[in-house]
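**Student:** Mind folding the following:
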Amino acid sequence: MRKRTSLNLSVLPLRIHPVGQTKLAVRKSALHMCTFDAASLFNFDPSTICEYLVTESPPTTLTTDVTSNLKEIAKHQEALIQKLVVACDGIRTALEQIIDVLPSSLKQMLRPIAHLGFLHENVLAAVSRIVSRNNQPALKDKITKECVAANLDNNSEEVRLKASRQMLDAKRMKITDEIKRLEEELSQVDTAILANDASVKMLADNKQKLSISLKASIARIRELNKGLIVGSDELDRQIIDSTDK
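**Tutor:** Numbering: from 1, shown residues only. Prediction:
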């Protein structure tokens, strides 16, 4: 069974111009026939055509040609809407040949078929859009690949930048720790330099004091040396002995 759809034909543009009628006449005729909701046509079950015929009172005797046309119309009614609007001219022709001998209820039900052509462009355009959408996954994949190739994938770029930031932060922390260690070592060296300079100054001061003290000691020793008697007791005894003789 074809999917049932409720459509309002009165809002669609005219496309069919039966022979012998002017455009104005066709428009007036179409507006008259499309003033009702077409849902009854699209909700119509083709298998109930015979029921319409047998319930009509008094019964109507239909010829073989009429019955054949009705079966053909019913067969078309079972097709998808996109096929139905394409085949509407044949359906309309078949219906026009038998419309006058049909029961009134069935005639009222089937008469809008003559104007299915109004839906032709809209339905085919809708089918084309559906086909295009079905082809969109491949296009989307291509666009995604192009974005990745061009490094335009925002999500991938964001992930890459975040990972890069984490690596830089870790490197910065490592360098900061190294700088801190070197600063501590530099401070220790500076302290050692100050201590060494203090020791050098102390040595210089001590050397100066020692030099002054040494000079004073030498002077005192010289002064003391002046009180020493030159010579030895043995020499002095020899002198005494030689004199005594």
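**Student:** Show me this protein divided up by domain.
**Tutor:** Following automatic domain parsing, the chain resolves into domains at 9-134, 149-244.
**Student:** ok, longest helix in the chain?
**Tutor:** The helix spanning the most residues in the chain, taking DSSP state H as the definition, is helix 154-225.
**Student:** what's the next secondary structure element after that one?
**Tutor:** helix 233-244 (DSSP states H and E).
**Student:** With just CA atoms, put that following helix into CSV.
**Tutor:** In CSV, the C-alpha atoms belonging to helix 233-244 read as follows (Å, rounded to 0.1, in the frame of the first residue of the first chain):
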residue,chain,number,x,y,z
ASP,A,233,136.9,32.8,78.4
GLU,A,234,139.6,30.6,76.9
LEU,A,235,141.0,33.5,74.9
ASP,A,236,140.9,35.8,77.9
ARG,A,237,142.8,33.1,80.0
GLN,A,238,145.5,32.8,77.4
ILE,A,239,145.9,36.5,77.4
ILE,A,240,146.2,36.4,81.2
ASP,A,241,148.7,33.6,81.2
SER,A,242,150.9,35.1,78.6
THR,A,243,151.1,38.3,80.6
ASP,A,244,151.9,36.6,83.8
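**Student:** What's the mean pLDDT across that helix?
**Tutor:** In this model, helix 233-244 has a mean pLDDT of 79.
**Student:** now swap in stretch 106-115 and tell me
**Tutor:** On average, stretch 106-115 scores 69.
**Student:** about what we covered before: the longest helix of the chain - contacts with which helices or strands?
**Tutor:** In terms of contacts (3 or more Cβ pairs under 8 Å, 6 or more residues apart in numbering; DSSP states H and E), helix 154-225 is not packed against any helix or strand. C-beta: built from backbone N, CA, C; applies to glycine.
**Student:** again, 10 Å this time
**Tutor:** Counting contacts by 3 or more Cβ pairs under 10 Å, 6 or more residues apart in numbering; DSSP states H and E, helix 154-225 packs against helix 136-149.
**Student:** angle of the helix it packs on against helix 154-225?
**Tutor:** Inter-element angle recorded for helix 136-149 and helix 154-225: 20 degrees (by axes from the mean of the first three to the mean of the last three Cα atoms, to 10 degrees).
**Student:** Give the buried residues for helix 136-149.
**Tutor:** Under the neighbour-count criterion of 16 or more other Cβ atoms under 10 Å, helix 136-149 has nothing buried.
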